[in-house]
Each structure stands twice: as structure tokens, then as C-alpha cells.
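A.B. asks: What shape does this take:
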Amino acid sequence: MMDDEDGETIIADDLSVDGNENSNNNGITSAEAAELRYAKQRYRSWMLMLIISTFLCSVLIASVKFFAPGRFYNEDGTSTYDIFGSGDNGMGNTANQRRLEQTLDYLVTREASDIITLLPNNTMSPQYMAARWIATIDQHRINIPKADGTTSKDEYPFLQRYSLAVLFLSTGGLNWVYRLNFLSGTHECAWFEPLRTDDLPPNQGYAMGIWCDKNPGTLTERDRDDNLWESSIVTDVHLLPQNGASGTLPSELRHLRYLKTLRIYNQQFISGEIPSAYGFLKNLQVLDLEGNQLEGQIPSSFRFLNNMTLMNLRRNRLSGISAEAINQMDNLLALALDSNMFEGKLPEFNLPNLLGITLSDNVFTGEITNSMAGLSSLQLLALDHNELTGKLDVLQDMAHLTHVYLDNNNWDHEINDLFFVGHENITHLDISNCSIRGIVPGHFFNFPKLEILDLSRNLLEGDLPGLAISNTNDTATKLQYLSLHSNNITGPIPQGLSKLKALKHLDLSVNKMAGSINEELGELRGLEYLYLGNNNFSPGKFPDWIRNLTNLEELSLKNINLNGEIPDWIGELAGLKLLDVGKNFLNGTLPDSMGGLTKLWILMLNSNNLRGGIPSSFSQLKDLETMLIDGNSFEGNTAPICQNRGMDRITHFVSDCASNSSTYSTAVSGSIGGWADPVLAEIECECCTLCCFDDDIFCNDDEWIAHHEGAWQSGYERVYWNFEENGIISEVTDAYDTLAQAWGLP
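C.D. replies: Below you'll find the predicted structure:
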């Protein structure tokens, strides 16, 4: 409950904050709660046994000291107290014993923690250990409030320090990689360490740990009377991510009633439920618990968090959500719930100030209802990777949308030249892999702020809107990423594409496009990714204009009727990581200059008419992970590839290296009856992962399509190579999250 006079948080442990009279935060019954109240009454009589129990506990502590090593810090930050050590850690001191008695007596009377965690038979609980530390080991020697039910100026400083000590111990702080000065003898406002990164000057860093404010601006009248503003008050808890934390989130943080920011994210081994008591942190503005293993419900008590502006609970295992509770957060600007285990219909939020919401990667079903239009200020909407169906008409009236991610659902919608008309602020639009029907709307290419347009893996038909593209203002367009692959688009590559000067990513592959390949593409000097494969283009030589695209990292011209030789200038494209010209009619030998493509990871030359040997310059291709050269007429051996690689084995290497005695396709093994004539290998390969016979059409018959399926979570950069039928080969770059940048929030 809340004390109306001064806003102090008072939690009754035998009643849940959700109002369920038959259960509490610990899942115990009313009868058991009554027993706890009786236990509280008996508690003072147990204090006489404390000295004896402390002696007995020392035996238990000795038995676990090797399994839970940890040390607490002195005020000087160097010497330490070992709480599991052989010394008495101050317990042999009568004054310290009395301080521990007073501490436990106050915590029980104040109901600062669950009573069970403070009983003498539970000395290994984080709460008991924190009490022992603050009473007997802590060099700060903070005043212990009286347990007579009266309030005093000692109360809040004590609860603040105790709550943070419990946080440290509840999350395995003894095993943190960086202790952030927690449990040092200094004031808790000094419990932080600077994290220096390359993007900051040498004398600057990010403070990770505890942040304080001497005047947070939200002090109660009583705290002002107690001169609490003269002390430092904790307003931010920001634990270092990936710091080895493990355990559960303690409910004791509810005592930090001036807390504005709570960030405990990317800890991997933080599990359990979000404490309902956090609903009483009425000054909380930012809650970031991303990337843990939290499960259960988002507490309905969160309806009290009226000052919340950003709530990030993404990448957990949460399964329950109360839209009614979240709708009480009038000031909420950003809500991230993606990558959890929510299911059922979309929650009907009514948050007129909300700027961004992510519900991706869950199991939401059904349609978008008209209630979505109530999010009148919404700019970022991420519903991708669910099982949603129905129409998208309601989005037409949401005029402020800038980032829209609807991909990987089952929408029943047909787009035309009226779709999203008037949405001039659209920056990202991803409706890929959704069975969308219709055409590619021409007005998309005139959106002045559009950077990402992904309509791939749909059922779109017709020609590309050449006239609209030709009328594009080439000095104003910001389109960088255009992916239309795997549709039924017909016609030629339209004139005017060269006006899309900002393009870095162009994928028109796996369609039904025809005609000659437009030379204007050579004017797109910023292209890094060009995929034109699997279309019906007219037969022709290797396009000479590609020579101008010196920024290319990926080039796919698979199965587009190329003939002639691979040009010698191909070696000038030194940044190439993928080159795919498979399933064409290329002939001649491989140019030595290809050995200069030292960044190549993927090289696919299969199913052509290439001949000759493997150039010795290929020994420089140290990063190759996939190489397909089968279905050609190569000779000699693959020594330039196989030798001097050590343990760096190629993941996929296929050539025509099969003979009677080698590994060969089972589809052919029975087709050459009795092996009457010897079958010799066309090329020798000691490091190939698959050997084919020269004319075996069933060997290595996979498509090997290496599309880049962009995702907003990784900024539409490639994160890994994925060849559908052959799986992920390797990560290319670390994914980075654009959530904060998109929202313009910290």
C-alpha cells in the first residue's frame, strides 16, 4: 500500500500488490501468511539464540567457502574482508553482534524484506548476508534505525544502502567481472566505475554502477525536514551489461523511492519474475531489463508508474501482458516488448503520447484492430515475425509513422498506388515475406525521407514504375536499401534508376525480368550490394559497367544468360566478399587477377563452361569459406586453395573431383553399371567437402541463393551468410541495434 502522507512505500508481505488475498509475492497461502505473522511475533525470543546459531553457521559457511568465494571491500578499496574466510569478520566483537541484532530487528519490523530471508536459519540468503555486511563488516558504519515503529532521518539512508547490497548479492555480485566498487567502505554513491570507449576522449567515460543526485527534485516534505537533501540520493542504477551477473531481481529495490532509471540488461543469467513491488517506484522514468531470462507476467502494479517514459523488456521470456496497466502510463514514449513469448491477439494500447512500440518476434495472432489508430503520435511500429493476418488499412490514418516493420506475417492485403499515400515522413518500410499482392507503388520513390524499402518475398507483379522513378529528384532521394527479390516482377530494368544516387543495396533477383541489363546501373557508384540473378535477361557478356562499382562487397549475377569470359578487371573490385556468377555460359580460364580479391568469403563459379587450372594467385584467398567450381572443365589440382590453410578449413568446397574410389553422389552410384570403364577425377582436390562427377546433374543441385534478409534489429546490415538449404556459414559482423537511434531516445 502507499502512505498518503509522505508517499513512503509500505509493502505487506502477506498481501500481493495485485490485490489477490489468497496469495502473496512468494506464492504462499493465507494460512502460511498467518504463520509468518506469528513467526514475526516470536522473532525477538529467537535473538537470544543468535550467538549460538552464529557459531553453528560458521561450520556451514566453512563447508561452502570453496563453492561461493567472495570478498567485500574496505574503505581504502584495496584490502578486503572475506565473508567466508576463517576470521570472525567482526562477529567476535560484542558491539557488532549487537548491531546485527538491531539490523535484523529493524528489517523485520519494517518488513523491508521477506521475513523468511532474514531468519537465523537462512544466513546464506542475499538479504541476511546484506544485513550482516552492513552491520558488522561495512566500514561506513551507517546508523541503524530504531525498530520501534517511529520514523527517523536514519531510515532512508539505511534502506538505500541495504537495498543496493541486496542487489549485489542477489545477482551474484561476488562473481561479477567488474565489481563497480559495490560493497566498498565508501558511500554507495561512489559505487561505480568509468567505462572508457573509443568514441570518447581519453579523459572521459561512461559511469557504470550507481548514480546519485543531492537534490532529485522529488523529495517528500518529511525528507526535507530531515535534511535528506544534504545527502546523496540514488536516482540511477545502471549495471554493466554482460558482466557475469546471475540470479534474480530483488524486490528490495522498491525502497529506492527516488529512483529514476533502472538498467539491468544483457545479463543472460538473470532469471525469475519482475518483482511486483517495482510498481511502487513512482519516480521511475526508464526501465531497461532487456536481454535477460525474465519470465512470467509484466506486473499489473506497473499501472502506478505514471512517470515512465521508456520501458524496454525485449529479449526475455515474458508471456503475460496487461494493456490496461500499461495504458495508465500517460507519459510513456517508448515500449519495447519484442522477442518474448507473448501470444494471442495484439494488446489494445491507448497511449496517445507513445512514439515507438516493438512487438516483434512473439506469437501474436489475429488482425490489427482500429484501436491501433489511438496511438496517434506513433512513429515506430514493429510487428514483424508474428502470425498476424488481415488488412493494413488502419495504418493509413497514422500520419506520423516513420519506421514501419510488418515483415514475416500473413497479411491478406493488396497494395496499389494508393497504399501509404501521404506518408511523406516514412523512413523505413519493410513488408517482406508477407504474401502481399499487387504492384510496386510508384510514389514510394518520391518519398523524400525513405531510406529502406523492402518488399521482397511477396506476390507482387507487373513492371517496375519506370516513370515514377525517372521523375525522382536525384538530389533529394535518400533511398539506400531497395529489396524486391523473390516476386513475380516483369519487364526490363527501368530507365531512371541511376537517379537513386544514395543506393547501397539493390536486389532485383529471382523475378521474371527480361531485356538487356540497363547500363545506367553503372552510375550508382555507391552500390555495395548488387543482386540481379535468376531473371530472364537477354544473353550478353559480363557487364563492363560493373567495373565502375568499386565499392561493391557482394555481386550476384547467377543464372542470367551471361556468356564470354570473366574479365581481367574483376580483380579491381578489391572489396568483394561474395561473387556469384554460377549457372551461366561463361567460358575461358580464370584470370590471375582474381587472386587479388583477398576479402572473398564466397566464390560461386559452378555450372559454367570454364576450363584450365586454378591460378596460383588463388593462394591469397585466405578468407574463403565457400567455393563452388563444379560443373565446369577445370583440370590439374586445387593446391592453391587447399595448401597453407592450416586448421582454417573451407566450410563448403565442391568440385568435379569424383572418381571410382572417391566420395560421389548416391544418385549416380547405381547409374554406371558395374563401373566397366574407369572414371577418373577431372580435378584433384584434397580439401573438398563434396566431389561430383562432371556430368552429374544431381550432385550439388542446391540453389545456393545468398540473399540478405535485412532486419531492423541489425540496421539492415548483413550479420551472417545463410544459404537456405545449406544453413548459416559464418557471422560476418556483429549485429547492432538501431532502436534508440530510431526513437531518438537514450
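A.B. asks: check contacts around the residue nearest to residue 155 when sequence neighbours are not counted.
C.D. replies: Distance criterion C-beta to C-beta, 6 or more residues apart in numbering; nearest residue to residue 155, sequence neighbours excluded, is residue 145 at 4.5 Å. Using the backbone N, CA and C atoms, a C-beta is placed for each residue, glycine as well. Counting by C-beta atoms under 8 Å, 6 or more residues apart in numbering, residue 145 touches 106, 110, 152, 154, 155, 158.
A.B. asks: In TSV, list the residues you listed along with pLDDT and secondary structure.
C.D. replies: Conversion of the contacts of residue 145 to TSV gives the following (pLDDT from 0 to 100; DSSP: H, G, I helix; E, B strand; the rest coil):
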residue	pLDDT	secondary structure
106	95	helix
110	92	helix
152	81	coil
154	89	coil
155	93	helix
158	95	helix
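A.B. asks: Which one of those sits in the busiest neighbourhood?
C.D. replies: If you count neighbours using other C-beta atoms under 10 Å, the busiest of the contacts of residue 145 is residue 155, which has 23 neighbours.
A.B. asks: ok, now how distant is that residue from residue 98?
C.D. replies: Noted for residue 155: a distance of 19 Å to residue 98, by C-beta to C-beta, to the nearest Å.
A.B. asks: next one: residue 104
C.D. replies: Using C-beta to C-beta, one obtains 11 Å as the distance from residue 104 to residue 98.
A.B. asks: out of these two, which sits in the busier spot?
C.D. replies: Neighbours per residue, other C-beta under 10 Å: of residue 104 and residue 98, the larger number sits with residue 104, 25 against 13.
A.B. asks: Which secondary structure elements does the one helix or strand the more buried one maps to sit against?
C.D. replies: When secondary structure is defined by DSSP states H and E, residue 104 falls within helix 94-110. Judged by 3 or more C-beta pairs under 8 Å, 6 or more residues apart in numbering; DSSP states H and E, helix 94-110 is in contact with helix 30-46, helix 50-64, helix 126-132, helix 155-170.
A.B. asks: partners of the next helix or strand after the last one in the sheet?
C.D. replies: So the one you mean is helix 155-170. Proceeding C-terminally, helix 155-170 gives way to strand 192-195 as the next helix or strand, assigned by DSSP H and E. Strand 192-195 has its sheet partners listed here by DSSP bridges as strand 206-213 (antiparallel).
A.B. asks: Dump the partner strand to PDB, keeping only the CA atoms.
C.D. replies: The C-alpha coordinates for strand 206-213 follow below in PDB (Å, rounded to 0.1, in the frame of the first residue of the first chain):
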ATOM      1  CA  TYR A 206      30.600   6.200 -19.000                       C
ATOM      2  CA  ALA A 207      29.900   5.800 -15.300                       C
ATOM      3  CA  MET A 208      28.500   2.200 -14.800                       C
ATOM      4  CA  GLY A 209      27.000   1.400 -11.500                       C
ATOM      5  CA  ILE A 210      25.200   3.900  -9.100                       C
ATOM      6  CA  TRP A 211      24.400   7.500 -10.000                       C
ATOM      7  CA  CYS A 212      23.200   9.900  -7.400                       C
ATOM      8  CA  ASP A 213      21.700  13.400  -7.000                       C
END
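A.B. asks: Run through who's touching that strand.
C.D. replies: So strand 206-213 is in contact with 164, 178, 180-182, 188-197, 200, 232-240, 258, 261, going by C-beta under 8 Å, 6+ apart.
A.B. asks: how many neighbours does the closest residue to residue 331 other than its chain neighbours have?
C.D. replies: Nearest in space to residue 331, with sequence neighbours left out and distances taken as C-beta to C-beta, 6+ apart, is residue 309 at 5.6 Å. Per other C-beta under 10 Å, the neighbour tally for residue 309 reads 19.
A.B. asks: Check whether residue 309 really touches residue 283, as I assumed.
C.D. replies: No - proximity of residue 309 to residue 283 does not meet the contact threshold set by C-beta atoms under 8 Å, at 11.6 Å.
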